[in-house]
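Visitor: what's the 3D shape of this:
(chains A and B)
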Amino acid sequence: MTVEKVILNTAKIDCTGCKACASDLEAENLRHALARLSGVSKVKVDEITGKVSIEYDTQKIGFSKITERIEKLGYKVEIVSREEIQ
Amino acid sequence: MREHVKGVILVASLGLFALAGALISGTRVTYAHEISIALTLIAVALGYRIYLHGIRSLRHGNVTAQLFATIAIFISVTAGLVLPSASATGTAEAVGYLTASAIVAFIILAGMTLEDYIIHRTRGALEKLIKMSPTTARIRRDSAEVEIPIDEVKMGEIVLVKPGDKIPVDGTVISGHSTVNQATITGESIPVEKTVGDRTFAGTLNERGALEIKVEKVAEDTTLAHLILLVEEAQEKKAPIQNVADRFTTYFLPIMAVLASSVFAVSYFALGFDVALARTVTVLLVACPCALSIAVPVAVAGTIGNASMNGIIIKGGTHIEKLKDVNLVAFDKTGTLTIGEPRVVEVRTFDNYSEADTVKYAAIAEKFSEHPLSKAIIAKAAEMSMKIPDPTDFKTIPGHGVDAHYGNKHILIGTKMMESDISEKASQLMNRVESEGKIAIPVALDKNVIGVIVVADTVRENSLEAIQRLKRLGVKTAMITGDNARTAKSIAEQIGVDEYRAELLPEQKVAVIGELKKGNVVAMVGDGVNDAPALANSDVGFAMGAAGSDVAIETADVALLGDDLTKVEYAISLSRKAFNRMKGNIVYAFIWNVVALSLAAFGILNPVLAVVLAEAGCISVVINSALLLLSKPKPLTERELKVSISEKVG
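Guide: Here you go, the predicted model:
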């Protein structure tokens, strides 16, 4: 099993800063959506900065599938770091 | 849920500190003022979520009420701490400014928490789907039953589902008989019979009997999992009307900057520093840009959530806006308005033969035939609970019929098998049946016609009601089909569509849609696979019976997961309601802001009243939008239904 940890910067496209986005729940939704992907073991979403940290099993899920999911939910994604941790 | 508890605790502790701070300042405790200031400052600090959001919104170049509130509270706290040392009024005034800040922070934070909760509830439909996702499955391995996590189930394995259990996978029933409630997927709460060969969906509820299901799709590949993804994505897709709201919010920050500084300048010279400060703070606090920007996304989420609970997947805000304008719905015929499989609709008999005799001999002869018409006859026999013996010998003559023997009886089926033997009476009957667009199958026993079996593609139970509902809404209806004109006419008359076009090739269907689109906004309803080009050419493409067909869900703008056509009307009327609500909210929020800002600028409001007003404005918009989630289909009244039936008969 190879576990990778990535840190991403995310920002909601078209966000007007309304409370629908600027709330903990937006972060909660993203967190749940990512945690449901099989192979993803740990998800942390910082609601204020939009920083997302994800740990996943590279044999079960590809990196591109994760970013694709985030983008499909209407976010811009930018990679901050990506490293093998196990 | 945990998030909400945390939110409420935060609000409550902020309130307690603010209250304690205010109470202690009036007592004679030593250092009462100092303690009071400290407690109040803690209260203000507990509103950190407001400031963080405010600062974040600045980073993204957006405007939020939190940003204005942050500025207002900052000004007010600074004034509270700095002014007393400069002025003669002393600490009492400091407490006044600080207490006001704490109360303001309390109201805003309470408002935010409440809004969060409502928005969360708006997404509740999604939560419901997610909760229906199975986590374990009971499977048979090495002749033993084991319960394993859903991730470990492999394709082709056999899953055992007991009565009352959730079905964990998409698959095919290989043994057992039961009823299954598929409301999660199709929105239809009437349970469906399932027996060997039927498909099942993960997340549906097995009711009566035990089933053994061969696994075809697991976990992320199931229809349920796809639905969750679709709804999740659709709720995030904004509606075009959002742009209108966005345009207002872009101007909000510059307007507010100008307004706040002019209010300060004017009142400073006219009424002095204290009043100027209070008014400026009030102006900042009463502004409610979020009511403008939040109206649409919450309404979109509520509408899509509502639709998904009714087995309708609307794939984004854009389609809600298109749907509301639809004034003509074109239906495909075969498989959409009709069931799409021929069924025996009538059995006529001659001489002294009974209906049962006719069906029985026909079924014997057709027993081993794979022809769709044979299947219809055999299904009829099964429906009459007959046991059908094997024919002694039989031969099928393609395009003509069947020639079979059973014991010493000679059975002939099909018009072309017996041309010279058909009686005048039978021939007349067959002509009448065929003029109605149905198929007449004569059955002869020893060259003597004993009966005629009438087979036709039957109209779906709710097609008539679906058309009637659309008429109530003022939407025109059309039927387009590749079938012959005679059959098309018969079906069109039965269900009462406004117009029909027959004998169309798939590419001609596309052209007809183009023609209908002149002067109309056209929705096309089809199965999503054969009609994909016509669906794509329409303004809104509905794929029906889409559960289990990824292609259909993919190509459609709106997917009806079950095969209840009345959902077409519901999707349209829900969208109309949703759009009106969005528009109404934007107008309301705009007026609210103008009025509230004017009141604040002229000093009619104080800061606390201002923030109460701002939050009330925002929450009322959120609630109004979120209520779309609770909207329900409006049934036809008995009178309307009667009209539709009498029209059908007439």
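Visitor: Tell me the spacing between the residue nearest the centre of chain B and residue B:357.
Guide: Geometric centre of chain B, nearest residue: residue B:307, 1.9 Å, by CA atoms, centre = their mean. Here the criterion is CB to CB, to the nearest Å. By it, residue B:307 lies 51 Å from residue B:357. C-betas here are computed from N, CA, C, even on glycine.
Visitor: sorry, back to before: check which helix or strand covers the residue nearest to the centre of chain B.
Guide: helix B:289-309 (DSSP states H and E).
Visitor: Please state the offset of that helix from the chain centre?
Guide: 13 Å (CA atoms, centre = their mean, to the nearest Å).
Visitor: Neighbouring strands - and their directions - for the helix or strand that comes right after it?
Guide: Note on helix B:289-309: by DSSP H and E, the next helix or strand toward the C-terminus is strand B:312-314. With DSSP bridges as the test, strand B:312-314 is paired with strand B:558-560 (antiparallel).
Visitor: State the next helix or strand along the chain beyond the strand it pairs with.
Guide: helix B:566-601.
Visitor: can you pull the buried residues of that next one?
Guide: Of all the residues in helix B:566-601, those buried under the rule 16 or more other CB atoms under 10 Å in any protein chain shown are B:566-579, B:581-582, B:585-586, B:588-590, B:592-593, B:596-597, B:599-601.
Visitor: go on, stretch B:258-266?
Guide: Residues of stretch B:258-266 classed as buried by neighbour count (16+ other CB under 10 Å): B:259-260, B:263-264.
Visitor: For chain A, give me the ranges with low pLDDT.
Guide: A:13-26, A:48 (pLDDT under 70).
Visitor: can you pull out the strands in it?
Guide: Secondary structure of chain A (DSSP state E): strands at A:3-12, A:40-45, A:51-57, A:75-84.
Visitor: for those, which one ends up most surrounded?
Guide: Neighbour counts (mean count of other CB atoms under 10 Å in any protein chain shown) averaged over each of the strands of chain A peak at strand A:51-57, with a mean of 19.
Visitor: What is that strand packed up against?
Guide: Strand A:51-57 is packed against strand A:3-12, helix A:24-35, strand A:40-45, helix A:63-72, with contacts defined by 3 or more CB pairs under 8 Å, 6 or more residues apart in numbering or on different chains; DSSP states H and E.
Visitor: could those go into CSV alongside distance to chain B?
Guide: Output for the helices and strands packed on strand A:51-57, formatted as CSV (distance: least, CB to the nearest CB, whole Å):
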stretch, distance to chain B
strand A:3-12, 7
helix A:24-35, 5
strand A:40-45, 11
helix A:63-72, 5
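Visitor: Among the ones you listed, which comes closest to residue B:551?
Guide: Residue B:551 lies closest, by CB to CB, to one member of those: helix A:63-72, at 18.9 Å.
Visitor: Can you get me the centre-to-centre distance for the closest one and its chain?
Guide: Centre-to-centre, helix A:63-72 and its host chain are 8 Å apart (CA atoms, centre = their mean).
Visitor: Quick check: beta-bridge partners of the closest residue to residue A:70 other than its chain neighbours?
Guide: Spatially, and ignoring its direct neighbours in sequence, residue A:70 is nearest to residue A:77 (5.2 Å; CB to CB, 6 or more residues apart in numbering or on different chains). With DSSP bridges as the criterion, the beta-bridge partners of residue A:77 are residue A:10.
Visitor: Count the neighbours of the one residue in the stretch 151-300 of chain B that gets nearest to chain A for me.
Guide: Nearest residue of the stretch 151-300 of chain B to chain A: residue B:293, at 3.4 Å (CB to the nearest CB). Residue B:293: 30 surrounding residues under other CB atoms under 10 Å in any protein chain shown.
Visitor: re the thing from before, the residue nearest to residue A:70 touches residue A:6, doesn't it?
Guide: No - counting by CB atoms under 8 Å, residue A:77 does not reach residue A:6; the two are 9.9 Å apart.
Visitor: for the residue most central in space within chain A, what are its contacts?
Guide: Centroid-nearest residue in chain A, with CA atoms, centre = their mean: residue A:52, separated by 4.8 Å. For residue A:52, the contact set (CB atoms under 8 Å, 6 or more residues apart in numbering or on different chains) comprises A:7-10, A:30, A:34, A:43-46, A:70.
Visitor: Could you do residue A:51 as well?
Guide: With CB under 8 Å, 6+ apart, residue A:51 has these contacts: A:7-10, A:45, A:80.
Visitor: one more time with 6 Å, if that's ok
Guide: Shown in contact with residue A:51 (CB atoms under 6 Å, 6 or more residues apart in numbering or on different chains): no residues.
Visitor: Residues of the stretch 201-350 of chain B that sit close to chain A?
Guide: Contact residues, the stretch 201-350 of chain B versus chain A (CB under 6 Å from any CB of the partner chain): B:232-233, B:236, B:238, B:246, B:249, B:290, B:293-294, B:297.
Visitor: Point out the residues in chain B that sit beside chain A.
Guide: Residues of chain B lying near chain A (CB under 6 Å from any CB): B:3, B:52-53, B:56-57, B:62, B:64, B:115-116, B:119-120, B:151, B:232-233, B:236, B:238, B:246, B:249, B:290, B:293-294, B:297.
Visitor: Quick one: buried ones out of those residues?
Guide: For the residues of chain B next to chain A, buried by 16+ other CB under 10 Å: B:3, B:52-53, B:56-57, B:62, B:64, B:115-116, B:119-120, B:232-233, B:236, B:238, B:246, B:249, B:290, B:293-294, B:297.
Visitor: These in helices, which ones?
Guide: B:3, B:52-53, B:56-57, B:115-116, B:119-120, B:232-233, B:236, B:246, B:249, B:290, B:293-294, B:297 (DSSP state H).
Visitor: Torsion angles phi and psi at residue B:563?
Guide: Dihedral angles phi and psi of residue B:563 (degrees, to the nearest 10) take the values phi -120, psi 30.
Visitor: Against residue B:376, how distant is it?
Guide: 19 Å.
Visitor: same deal with residue B:389?
Guide: In terms of CB to CB, residue B:389 sits 20 Å off from residue B:376.
Visitor: Who has more neighbours out of those two?
Guide: Shown here are residue B:389 and residue B:376; by other CB under 10 Å, residue B:376 has more neighbours (21 against 12).
Visitor: tell me the mean pLDDT for the strand or helix carrying residue B:49?
Guide: Here residue B:49, judged by DSSP H and E, is contained in helix B:48-59. Helix B:48-59 comes out with an average pLDDT of 79.
Visitor: what comes into contact with whichever helix or strand comes after it?
Guide: Per DSSP H and E, helix B:48-59 leads on to helix B:65-86 as the next helix or strand towards the C-terminus. Here helix B:65-86 makes contact (CB under 6 Å, 6+ apart) with B:50-51, B:53-54, B:57-58, B:90-91, B:93-94, B:97-98, B:101, B:108, B:277, B:281, B:284-285, B:287-288, B:290.
Visitor: Give the ChimeraX command for selecting the buried subset of these.
Guide: Buried residues among these (16+ other CB under 10 Å), as a ChimeraX selection:
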select /B:50,51,53,54,57,58,91,93,94,97,98,101,108,277,281,284,285,287,288,290
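Visitor: Next up, the contacts around the residue of the stretch 351-500 of chain B found nearest chain A.
Guide: Closest residue of the stretch 351-500 of chain B to chain A, CB to the nearest CB: residue B:473 (30.0 Å). Counting by CB under 6 Å, 6+ apart, residue B:473 makes contact with B:569, B:573.
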